[in-house]
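Chemist: Predicted model follows, preceded by the sequence.
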Amino acid sequence: MLKTFKTGGVHPPENKLSSKAGIASLPLPKTVVIPLSQHLGVPSKAIVCKGDIVKTGQLIAQSEGFVSANIHSPVSGVVTKIDKTPDTGGYKKDAIFIDVQGDEWIETIDRSTELNKTINLTQGEIVKKIAEFGIVGLGGATFPAHVKASVPKGKTAEYLIINGVECEPYLTSDHALMLEKAEEICVGIEIMKKAIGVSKAIIGIENNKPDAIDTMKRASTGYQGTSVQALKVKYPQGGEKQLIKAILNREVPSGGLPIDIGAVVFNVGSIFAVYEAIQKNKPLFERVVTVTGKEIAKPSNFKVRIGTPISYLIDLAGGMPENTGKIIYGGPMMGKAAINTEIPVVKGCSGILLVSSGESCRKAIEPCMRCSKCVSACPMGLEPYLLAVLGEKSMFDRLEAEKVMDCIECGSCSYTCPSGRPLLDYIRYGKTNVGKIIRARK
Amino acid sequence: MDKLITVSPSPHVHSGQSVSKLMYWVIIAMLPAFAVSVYFFGIGAIYLTLLSVASCVFFEYIIQKYLLKTPVRTSDGSAIVTGMLLAFNLPSGLPPFIVIVGALVAIGIGKMTFGGLGNNPFNPALVGRVFLLLSFPTRMTKYPVAEGFGTPMIIPSEALDASTGATPLGIIKEGIKSGDGIGQILQSEGLSYTDLFTGNIGGSLGEIAASALLIGFAILLIKKVITWHIPVSVMGTVLIFTGILWLFGFEGHQIVLDRTGISLPLLQYTDKNTLELVPFHMADPLFHLLTGGLILGAVFMATDYVTSPMTSKGQLIFGVGIGIITVLIRVFGAYPEGVSFAILIMNGFTPLINRYVKPRRFGKI
């Protein structure tokens, strides 16, 4: 039986153009730019200087606190500078610039492709190594993985939920990974089970990926306690709260975390990175990125080194179409519009989507006719029309009372609004301000 | 890169739904009922509908362009919907000036006074209809006898009694007063449930054919223009409430109350200085469901986006409220029909419902 979450949700056209493309490897770019803030939390601190020679996999920036992550060099070469570079939205952030020379990996990394099933490390060692190797959530939120893997005192995890939903239209990087690395993901799940101390793991996959469901089912048969749950296609099922609700029928309490109801959620990409880190000693410095769009010649999934400029990927996928009007870093529902094509791929980049100029402008705004379609679409049971009006009028007290902080910014409201109102824009504005007020109160 | 690109916050895709698309689907859903009214009332139905639509669009255009000086939005189709709904609530054969006055009140007072689409507290078409009902009570309650294309387009005042009749609910109300049983009344008028279902009855343009209105309901549901909550709760409530009254009706029962007690139109003072319940006949629930524009109101007017609650829970409360008030007016009130008033009354409660009835929040502790 297909499961799904009950409250709200929408079903945008799936457009999974690259689902049969496989994962292609790339020649290395000439230079890479490694932003120091690629994860949720405190930016890392560079530990290399201009002129240093680095090897692939070498630690180049250190975690600054518990909620932060190490960064490793994705290439071998010379550090040319440590300077500001624009992030996706154009804000200047610190980054390490490296000129690529050859591809010399540090000796400790096991570069064989052989499957290694034996887990030698203890629970504590696994968590430590995950932190050391800079693993963050690769689904997009980039939350440092060791934080989630450290179950707080007084809480117990019951289930490990593996997110293979990929509910964003167009994106297929997790899909491709599940097809090609199913065994590795299963071993990664075993490692993570040990880390968080659970015996049961459930892989959630939407049924628009029947091949991935089959592959993962076959691969997971040899692993006790790991199962696959097919899910009905519905956005935003990849949101962890919605995924837990769909699979376990439990709700993360407002303001709480999945661990409060005994669940820990990891994306399949993160689990694969955990496998590589623990079994192959390989830090997180590459990931699968989908490059897609209706006009693009070869929609592809690439295995990309972190720091590669997205223009490089676009060229390899057949070049930028003439009528491109918007470059989306991520999926069309939650991705960010990029300011140019020179920005680098970071750990959280699951895809690059090129949208034609015709589809990149928003529709004209009409008055709200109170059709309540946004209320029906909201997966968090909020009233987007009301939150948007309160945001527009800066009524932060009422916004807080109407639970604006529960908004997961999935965009279902703006997607569905017949009047084309920028509901999420106003809600984000309200949420940012209410967040500031709440922090100031503490 | 030398090209300009768009940078905007997510989401970057849209469902493609728009105000005008939704409005045009509402218009399409009204077409079956419109076809039935043309079949029974002839060219007069077309004339009245076109006049009402044209007046509504015209007044909206004039008010937006010259009075409010805001962007003209007549192309969104909402004025056309108001015009059609107003026409659906009028008897065929009405003189043109009454229709135009109705349209002016509907659009001018009912809608634009509050700022246009999305801001009006009351359903504009019903504001227009009730205004006309109170201003021209005779003309508004005389319905032409259906003669197909032979039905007069405009009925002159002197011919009102000759060529018009009453609605089934009006007939029942009058009949009850004279103390007849329901079956008796229907038989003498030659009314059957098939007539109610196919629209072969007296009534305003759009209310007569239950079957055609239900087809419209199906269209609206399939195209996801509306949800089932309001229509089903209105119709369900009317069925249940009239069912209870019908099953446990007052027939044969006698209740004696003290003179200071509540007074209902059914109760009469007797010489003993007490209240006594008059033996009373009640039409069955199906009759109530199929008559008096209940389906028209439940499907097309109570579901008006602007004036109905935002949450499904609120919509159920709203629908139940309309059902109860409708039955109270029909059975105990002076008017034979109560749907319009019930909807307008519940429209007034909508802001209150929105304020206190919230959707179930995800992860509510």
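Modeler: That came through, no problem.

Chemist: hang on, B:D76 packs against B:M23?
Modeler: Yes. Here B:D76 reaches B:M23: they are 6.1 Å apart, a contact under C-beta atoms under 8 Å. Every residue, glycine included, has its C-beta placed from N, CA and C.

Chemist: Distance-wise, check the residue in the stretch 51-200 of chain A that chain B sits nearest to relative to A:Q58.
Modeler: Residue nearest to chain B within the stretch 51-200 of chain A: A:P169 (6.9 Å; C-beta to the nearest C-beta). Taking C-beta to C-beta, to the nearest Å as the measure, A:P169 and A:Q58 are separated by 37 Å.

Chemist: tell me which element A:I98 falls in.
Modeler: Taking DSSP states H and E as the definition, A:I98 sits inside strand A:92-100.

Chemist: Give me the sheet partners of that strand and which way each runs.
Modeler: When pairing is defined by DSSP bridges, strand A:92-100 lines up against strand A:31-35 (antiparallel), strand A:77-86 (antiparallel).

Chemist: if you compare those, which one is most tucked away?
Modeler: Mean neighbour count (mean count of other C-beta atoms under 10 Å in any protein chain shown) peaks for strand A:31-35 among these, with a mean of 24.

Chemist: Now the element after that strand, going C-ward?
Modeler: Next helix or strand after strand A:31-35 toward the C-terminus (DSSP H and E): strand A:45-46.

Chemist: on contacts alone, who are the packing partners of that following strand?
Modeler: Secondary-structure packing of strand A:45-46 (3 or more C-beta pairs under 8 Å, 6 or more residues apart in numbering or on different chains; DSSP states H and E): strand A:59-62.

Chemist: Need phi/psi at A:G255.
Modeler: Dihedral pair for A:G255: phi 80, psi 0, per degrees, to the nearest 10.

Chemist: out of everything not next to it in sequence, what's closest to it?
Modeler: Using C-beta to C-beta, 6 or more residues apart in numbering or on different chains and skipping the chain neighbours, the partner closest in space to A:G255 is A:M405 (7.1 Å).

Chemist: Do I have it right that the one you found meets A:K436?
Modeler: No. Applying C-beta under 8 Å as the test, A:M405 and A:K436 come out as separate, 11.4 Å apart.

Chemist: What residue in the stretch 1-150 of chain B comes nearest to chain A?
Modeler: Closest point on the stretch 1-150 of chain B to chain A, by C-beta to the nearest C-beta, is B:P11, at 3.2 Å.

Chemist: Now do the same contact list for that residue.
Modeler: Applying C-beta atoms under 8 Å, 6 or more residues apart in numbering or on different chains to B:P11 gives the contacts A:P332, A:M333, A:M334, A:G411, A:S412, A:S414, A:Y415, A:L424.

Chemist: Go again with 10 Å.
Modeler: A:10, A:12, A:169, A:235, A:328, A:331-335, A:362, A:409-416, A:423-424 (C-beta atoms under 10 Å, 6 or more residues apart in numbering or on different chains).

Chemist: Take those and keep only those in strands.
Modeler: Those of those mapping onto strands are A:I328, per DSSP state E.

Chemist: Counting only helices, which of the contacts of B:P11 make the cut?
Modeler: Cross-referencing those against helices under DSSP state H gives A:S412, A:C413, A:S414, A:Y415, A:T416, A:L423, A:L424.

Chemist: By mean pLDDT, which helix or strand of chain B comes out lowest?
Modeler: strand B:256-257 (a mean of 43; mean pLDDT, DSSP states H and E).

Chemist: mind checking pLDDT for A:A157?
Modeler: Predicted confidence (pLDDT) for A:A157: 93.

Chemist: how many neighbours does the residue of chain A found nearest chain B have?
Modeler: Closest contact between chain A and chain B, by C-beta to the nearest C-beta, is at A:G411 (3.2 Å). A:G411 has 28 neighbours, counted by other C-beta atoms under 10 Å in any protein chain shown.

Chemist: ok, now which ones touch it?
Modeler: Contact analysis of A:G411 by C-beta under 10 Å, 6+ apart lists A:10, A:12, A:235-236, A:331-335, A:377, A:384, A:423-424, A:427, B:9-14.

Chemist: do you know how far the residue of the stretch 1-150 of chain B closest to chain A is from A:L316?
Modeler: B:P11 is 27 Å from A:L316, by C-beta to C-beta.

Chemist: where exactly do the helices run in chain A?
Modeler: Counting by DSSP H, the helices of chain A are A:123-132, A:145-149, A:173-180, A:182-196, A:210-220, A:240-248, A:268-280, A:310-316, A:357-360, A:373-377, A:384-392, A:396-401, A:412-416, A:423-441.

Chemist: Can you tell me which of the ones you listed is most buried?
Modeler: Counting by mean count of other C-beta under 10 Å, the most buried of the helices of chain A turns out to be helix A:412-416, with a mean of 28.

Chemist: Now B:A342: closest residue in space, sequence neighbours ignored.
Modeler: Excluding the flanking residues, the one nearest B:A342 by C-beta to C-beta, 6+ apart is B:I325, at 3.7 Å.

Chemist: The one you found is in what secondary structure piece?
Modeler: Using DSSP H and E, B:I325 falls in helix B:312-327.

Chemist: I'd like the average pLDDT over that helix.
Modeler: Rounded mean pLDDT across helix B:312-327 is 96.

Chemist: can you pull the buried residues of it?
Modeler: Judged by neighbour count using 16 or more other C-beta atoms under 10 Å in any protein chain shown, the buried positions of helix B:312-327 are B:312, B:314-327.

Chemist: Could you point out the helix or strand that follows it?
Modeler: Helix B:312-327 is succeeded, C-terminally, by helix B:339-356 (DSSP H and E).

Chemist: how about that next one: buried residues?
Modeler: B:V339, B:S340, B:F341, B:A342, B:I343, B:L344, B:I345, B:M346, B:N347, B:T350, B:I353, B:N354.

Chemist: Residue 167: neighbour count?
Modeler: All of this is about chain A. A:C167 has 27 neighbouring residues, counting by other C-beta under 10 Å.

Chemist: that answer is for a different chain, and I need it for chain B
Modeler: The burial count assigned to B:T167 is 22, neighbours taken as other C-beta under 10 Å.

Chemist: Check what pLDDT it gets.
Modeler: In this model, B:T167 carries a pLDDT of 81.

Chemist: can you tell me how far it sits from chain A?
Modeler: Distance of B:T167 to chain A, given as C-beta to the nearest C-beta, to the nearest Å: 32 Å.

Chemist: Verify the stated contact: that residue with B:M140.
Modeler: No. Counting by C-beta atoms under 10 Å, B:T167 sits too far from B:M140 to count as a contact (11.3 Å).

Chemist: so what sits against both of the two?
Modeler: Both B:T167 and B:M140 are contacted by B:P91, B:S204, under the criterion C-beta under 10 Å, 6+ apart.

Chemist: Mind pulling up the pLDDT for the residue nearest to A:D52 when sequence neighbours are not counted?
Modeler: Spatial nearest neighbour of A:D52, excluding adjacent residues (C-beta to C-beta, 6+ apart): A:V79 at 4.6 Å. With respect to pLDDT, A:V79 has a value of 96.

Chemist: now do A:G9
Modeler: pLDDT, A:G9: 94.

Chemist: Could you list the residues of the stretch 1-150 of chain A in contact with chain B?
Modeler: Those residues of the stretch 1-150 of chain A that sit near chain B, judged by C-beta under 10 Å from any C-beta of the partner chain, are A:F5, A:K6, A:T7, A:G8, A:V10, A:H11, A:P12, A:P13, A:N15, A:T88, A:G89, A:G90.

Chemist: Check those against B:L48 and report the nearest one.
Modeler: Taking C-beta to C-beta as the measure, B:L48 lies nearest A:V10 of those, at 40.6 Å.
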